[in-house]
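1. what's the 3D shape of this:
(2 chains)
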Amino acid sequence: MAAPDPNRPTYAVDAIPSDVRNGVFLGNPALDNVVTCLIAFGAEVWSTKRRLKVLEALMTKAGVTHEMIEKYVPTAAETAEWEKERDRFIELTLGPLGNDGFRTVGTDFPKHD
Amino acid sequence: MIGRRELFGAAAASVALVKLLDDKAIASTGAMDASKAPEWAQPRGADGRLTRLESLDVESQQDFTLGFRLMQNKTLRSSSNAAFARALAKLGMDPKTPVTAEEVRAIADSEPTINMASKAWLSNQQITWKTLADHFHANSDHYLSELEFGDRSGPGALELNREFDVPAFARHEIHIQPGGYVGDPFAGYLYHYGTNSFYIAVMGHNEQDQVHEGTASRLPIPADGKVRRILDMGCGVGQLTVALQERFPEAEVWGIDVGGPMVRYAHSRASRLGSKANFAQRLAENTGFPDGHFDLVTSYLLHHELPAEVTRKVIAEAARVTRPGGVYYPIDFMSGGVKSPAAYMYNRWWDHRWNNEVWSMEYHSLDFSGEIAKSGFTMPANPVAALPGFGARYAIRTA
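-> Model (predicted):
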């Protein structure tokens, strides 16, 4: 990999790339990709949860306790806004489960008129 | 506010003992005490010997991939092993009968549970590397500045060469680490942080170099008790090198590695830890040290990443630089030949193929101990494994 600035040597040279990424384990590359996506989502979700734990710990030190967070009752306006956000989140992440496609794409898939 | 790079740059310029060999090579004589870097220059501080990753998110991503690895070892591997045993039973094969890698591949390839476990492991490994690589490259100025500061730090020496001729066999992306050990400016960072989760899941905690310190403590020394100079071949990020320096504080310790970015990081980290261990970008098969120079020559998991032909050359080089009565103790896997019981052989083949351990099958086909024994060494019987569970090759240089 080239150095961003020739005056800043990196001592890196060209490597021989692994071909492992070309491997299909589950009979269909799309399925393989979905597994990778799920694990990546997991990493992102856990990062968010861990950040929340840090925030809660800091808030506790600032006087906002875990119990206060657990017992918090949202206002009506907050509830309405959060429900809207919840529905958007679920529609985005799980809505595709309801996709009713039924025909394998290929040369016999109908053309646009 | 003074930036990190400005601070390091100014500090480096104030030090007179940096020695430039020429415009392509750099050698530090250990002029600056890196362990004295100000607290604010390490934004998230350190957990003992391990500098914390510099963003909470990338640290949390690594925490997740560690957790996934633990789950994989406990759950997915169990189901994969069970599926493998069922496949063997279906074929009427004795699990203890030695088979070749090709035979065992055919058994496993059609089992969906095995393939799901393989895919999950691979994806987790890819995400480990990608999240780390993205972080280091997104903050490349910061990390390059840190390395440049390290170049001029001490107390140990550093030798690098911009035109070092890296052999093709060493350019593979071992462990599918992006760029391998030679192709990414931040290969040392990637390896160090990427392997922490491997250690925790497989061999125990190593964030404080516990595995390497234990290994260093178990290495045998020459019968006359003299340990004045030590060589660590293929030192990587220098964890064993530093541990050896700590065990033998009066000795001159050298870590050498083919990867410039690896020894650069190793030196930077050693300096931060206050270690006087020295590092150089050199080949294990051609170290450049004088004949009989070292009392103790070792390596940590080097040989399974070398072609068999190179392993023979490294053994010959070790024989050349180890003084009569000195100890040569290369640490690596037990080697098992070209046929092994099915499950063992499958795991070995799997690691070779999907963890991109390109040379490991060659290593396993080699009689490693036999090669050492015929190269000018005597090998005491029943040696203790310096790294528990791995091969024990304790060799004494003949006069």
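2. got a list of what the residue nearest to B:R44 when sequence neighbours are not counted touches?
-> Nearest residue to B:R44, sequence neighbours excluded (C-beta to C-beta, 6 or more residues apart in numbering or on different chains): B:R52, at 4.1 Å. Where C-beta positions appear, they are placed from N, C-alpha and C, glycine not excepted. B:R52 makes contact with B:Q42, B:R44, B:G45, B:A46, B:E59 under the criterion C-beta atoms under 8 Å, 6 or more residues apart in numbering or on different chains.
3. turn those into CSV, columns for pLDDT.
-> As requested, the contacts of B:R52 are arranged in CSV below (pLDDT from 0 to 100):
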residue, pLDDT
B:Q42, 56
B:R44, 85
B:G45, 87
B:A46, 89
B:E59, 94
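4. taking those residues one by one, which sit in strands?
-> Of the positions in these, B:A46 sit in strands, assigned by DSSP state E.
5. identify, from the contacts of B:R52, the entry nearest to chain A.
-> B:E59 (8.2 Å; C-beta to the nearest C-beta).
6. for B:L158, what are phi and psi?
-> Main-chain torsions, B:L158, degrees, to the nearest 10: phi -140, psi 130.
7. that one: neighbour count?
-> 25 (other C-beta atoms under 10 Å in any protein chain shown).
8. just the pLDDT for it.
-> Listed pLDDT for B:L158 reads 98.
9. for it, give the beta-bridge partners.
-> The residues listed as beta-bridge partners of B:L158 by DSSP bridges are B:S28, B:F279.
10. residues in contact with A:P17?
-> B:E173 are the contacts of A:P17 under C-beta under 8 Å, 6+ apart.
11. ok, back up a step: I'd like to know which of the contacts of B:R52 are buried.
-> By neighbour count, with 16 or more other C-beta atoms under 10 Å in any protein chain shown, these hold B:E59 as buried.
12. still on that earlier bit, for the residue nearest to B:R44, give its distance to chain A.
-> 13 Å (C-beta to the nearest C-beta, to the nearest Å).
13. which residue is nearest the middle of chain A?
-> A:F41 (3.3 Å; C-alpha atoms, centre = their mean).
14. my read is it is in a helix, agree?
-> Yes. Counting by DSSP: H, G, I helix; E, B strand; the rest coil, A:F41 is part of a helix.
15. and it, how far from A:V105?
-> Per C-beta to C-beta, to the nearest Å, A:F41 is found 25 Å from A:V105.
16. contact residues of chain A facing chain B?
-> Selection of chain A residues close to chain B by C-beta under 8 Å from any C-beta of the partner chain yields A:1, A:3-4, A:8-18, A:20-21, A:23, A:25-27, A:32, A:35-36, A:39-40, A:42-44, A:46-47, A:50-51, A:54.
17. run through the helices of chain A in chain order.
-> A:29-61, A:66-71, A:76-94 (DSSP state H).
18. turn those helices into TSV, columns for mean pLDDT and distance to B:F149.
-> Listed next are the helices of chain A as TSV, based on pLDDT from 0 to 100; distance: least, C-beta to C-beta, whole Å:
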stretch	mean pLDDT	distance to B:F149
helix A:29-61	93	29
helix A:66-71	87	41
helix A:76-94	90	44
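19. any idea which of the ones you listed gets closest to B:Q245?
-> Proximity to B:Q245, assessed across those by C-beta to C-beta, is greatest for helix A:29-61 (35.4 Å).
20. now that closest one and helix A:76-94, what's the angle there?
-> 150 degrees (axes from the mean of the first three to the mean of the last three C-alpha atoms, to 10 degrees).
21. now helix A:29-61: how far from the chain's centre is it?
-> Relative to its chain's centre, helix A:29-61 lies at 7 Å (C-alpha atoms, centre = their mean, to the nearest Å).
22. so B:G179 touches A:A15, yeah?
-> Yes. If you go by C-beta atoms under 8 Å, B:G179 and A:A15 touch, sitting 4.7 Å apart.
23. touching both of these two, which residues are there?
-> Joint contacts of B:G179 and A:A15 (C-beta under 8 Å, 6+ apart) are B:E173.
24. so what touches whichever strand or helix holds B:L244?
-> Assigned by DSSP states H and E, B:L244 belongs to helix B:239-247. If you take C-beta under 8 Å, 6+ apart as the criterion, helix B:239-247 is touched by B:206, B:209, B:211-213, B:215-217, B:219, B:230, B:232, B:235, B:251, B:253-255, B:266, B:269-270, B:273, B:275-277, B:279, B:296, B:298, B:300.
25. same deal with stretch B:104-123?
-> For stretch B:104-123, the surrounding residues in contact (C-beta under 8 Å, 6+ apart) are A:20, A:23, A:25-27, A:32, A:35-36, A:39-40, B:68, B:72, B:76-77, B:79-80, B:82-84, B:87-88, B:91, B:93, B:176, B:342, B:345-346, B:349-350, B:354.
26. redo the helices of chain A as JSON lines? Include distance to B:P185.
-> Below are the helices of chain A laid out as JSON lines (distance: least, C-beta to C-beta, whole Å):
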{"stretch": "helix A:29-61", "distance to B:P185": "24"}
{"stretch": "helix A:66-71", "distance to B:P185": "43"}
{"stretch": "helix A:76-94", "distance to B:P185": "37"}
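27. of all the ones you listed, which one is nearest B:A157?
-> helix A:29-61 (39.4 Å).
28. so B:G154 sits against B:S271, correct?
-> Yes. If you go by C-beta under 8 Å, B:G154 and B:S271 touch, sitting 5.9 Å apart.
29. quick one, which of the two is more surrounded?
-> In this view B:G154 and B:S271 are compared by other C-beta under 10 Å, and B:S271 has more residues nearby, 28 against 24.
30. from the chain's centre, how far out does the strand or helix carrying that one sit?
-> Using DSSP H and E, B:S271 sits within helix B:260-272. Centre-to-centre, helix B:260-272 and its host chain are 13 Å apart (C-alpha atoms, centre = their mean).
31. go on, stretch B:44-61?
-> 21 Å.
32. what do you get for stretch B:178-190?
-> Taking mean C-alpha positions (C-alpha atoms, centre = their mean), stretch B:178-190 and its chain are 12 Å apart.
33. quick check: end-to-end length of that stretch?
-> 9 Å (C-alpha to C-alpha, to the nearest Å).
34. ok, it near chain A or not?
-> Yes. Judged by C-beta under 8 Å from any C-beta, stretch B:178-190 and chain A are in contact via B:G179, B:G180, B:V182, B:G183, B:D184, B:P185, B:A187.
35. pretty sure the second one sits against B:V166.
-> No. Using C-beta under 8 Å, B:G180 makes no contact with B:V166, being 9.9 Å away.
36. quick check: neighbours shared by those two?
-> B:G259.
37. comparing these two, which residue is more hemmed in?
-> Applying other C-beta under 10 Å to B:G180 and B:V166 shows that B:G180 carries more neighbours, namely 30 against 21.
38. over to that one. Which of the three states is it?
-> From three-state DSSP, the assignment for B:G180 is coil.
39. contacts only, for A:R50.
-> For A:R50, the contacting residues are B:L56, B:S60, B:D63, by C-beta under 8 Å, 6+ apart.
40. weed out the non-buried ones from the residues you listed.
-> Buried, going by 16+ other C-beta under 10 Å: B:S60, B:D63, out of these.
41. take the contacts of A:R50 and keep only those in helices.
-> Secondary structure from DSSP H places B:L56, B:S60, B:D63 of those in helices.
42. in the stretch 251-399 of chain B, what residue comes closest to chain A?
-> For the stretch 251-399 of chain B, C-beta to the nearest C-beta, closest residue to chain A: B:G260, 2.7 Å.
43. next, count neighbours for the closest residue to that residue other than its chain neighbours.
-> Leaving aside its chain neighbours, B:G260 sits nearest to A:Y11 (2.7 Å; criterion: C-beta to C-beta, 6+ apart). For A:Y11, the count of nearby residues is 25 (other C-beta under 10 Å).
44. I'd say A:Y11 and B:M262 touch.
-> No. Look at A:Y11 against B:M262 with C-beta under 8 Å: they stay out of range, at 9.1 Å.
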